[in-house]
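Engineer: Build me a model from this:
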Amino acid sequence: MNANNNSIHLIIHGAATASAAAAAGLAQIPGSDNLVILPIQLAMIMTIGEFHVNR
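Structural biologist: Below you'll find the model as predicted:
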């Protein structure tokens, strides 16, 4: 894997870890994690987009 792929993987895995931590804390209430996970996923998508634009 090259440096670009490693950077993208770090972004994705960081967001996945944050989402998992948020979901684990809110797992008892169905649907409650949506408000927490959505901004994490949006930030991930925006960061990946910025990475590709600046490349």
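Engineer: Would you mark the buried spots in the longest helix that the chain contains?
Structural biologist: The helix spanning the most residues in the chain, taking DSSP state H as the definition, is helix 3-25. By 16 or more other C-beta atoms under 10 Å, the buried positions in helix 3-25 come out as 11, 15, 18-19, 22. (Each C-beta comes from the backbone N, C-alpha and C, glycine too.)
Engineer: Equivalent analysis for stretch 35-55, please.
Structural biologist: Here stretch 35-55 shows 37, 40, 44, 47 as buried, counting by 16+ other C-beta under 10 Å.
Engineer: Dump stretch 3-12 to PDB, restricted to CA.
Structural biologist: The C-alpha atoms that make up stretch 3-12 are tabulated as PDB, following Å, rounded to 0.1, in the frame of the first residue of the first chain:
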ATOM      1  CA  ALA A   3       1.200   6.500   1.600                       C
ATOM      2  CA  ASN A   4      -2.100   7.800   0.100                       C
ATOM      3  CA  ASN A   5      -3.900   4.500   0.800                       C
ATOM      4  CA  ASN A   6      -2.500   4.400   4.300                       C
ATOM      5  CA  SER A   7      -3.800   7.900   5.000                       C
ATOM      6  CA  ILE A   8      -7.300   7.000   3.800                       C
ATOM      7  CA  HIS A   9      -7.200   3.800   5.900                       C
ATOM      8  CA  LEU A  10      -6.300   5.800   9.000                       C
ATOM      9  CA  ILE A  11      -9.200   8.200   8.400                       C
ATOM     10  CA  ILE A  12     -11.700   5.300   7.900                       C
END
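Engineer: that older thread, if you look at the buried residues of stretch 35-55, which of them are in helices?
Structural biologist: Those of the buried residues of stretch 35-55 lying in helices (DSSP H): 37, 40, 44, 47.
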